[in-house]
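*Asks:* generate a structure from the sequence data that follows.
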Amino acid sequence: MKKNYKKATRLRVILAQKGISQKDLAGMTGLEVYQVSNLCTGKKPNPMLDTAKKICYSLGVTLDEAFGDEFGD
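*Replies:* Numbering: from 1, shown residues only. Below you'll find the model as predicted:
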């Protein structure tokens, strides 16, 4: 559970640093707001790779920066 919380916290921090709301990110990625919320709260910490790539592209960060080593190696 701690790992899920860490991923969620990482995503929330990135959003805060960039001044982007969950609603804004949903609009930028084509996701529903509840999907972004679930990622930001840790309810669904492991997005599909395509979803993670959309999020990272929209935020201008790498997969590692946003989700840790989940998609590495």
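
*Asks:* packing partners of the host helix or strand of residue 52?
*Replies:* Using DSSP states H and E, residue 52 maps to helix 49-59. Packing partners of helix 49-59 (3 or more Cβ pairs under 8 Å, 6 or more residues apart in numbering; DSSP states H and E): helix 2-18, helix 22-29, helix 63-67. Where you see a C-beta, it was placed from the backbone N, CA and C, and this is true even at glycine.

*Asks:* could you rerun that using 10 Å?
*Replies:* Contact here means 3 or more Cβ pairs under 10 Å, 6 or more residues apart in numbering; DSSP states H and E; on that basis helix 49-59 packs against helix 2-18, helix 22-29, helix 33-41, helix 63-67.

*Asks:* which residue packs closest to the residue nearest in space to the middle of the chain, ignoring adjacent ones?
*Replies:* What sits nearest the mean C-alpha location of the chain, by Cα atoms, centre = their mean, is residue 11, with 4.7 Å. Leaving aside its sequence neighbours, residue 11 sits nearest to residue 40 (Cβ to Cβ, 6 or more residues apart in numbering; 5.4 Å).
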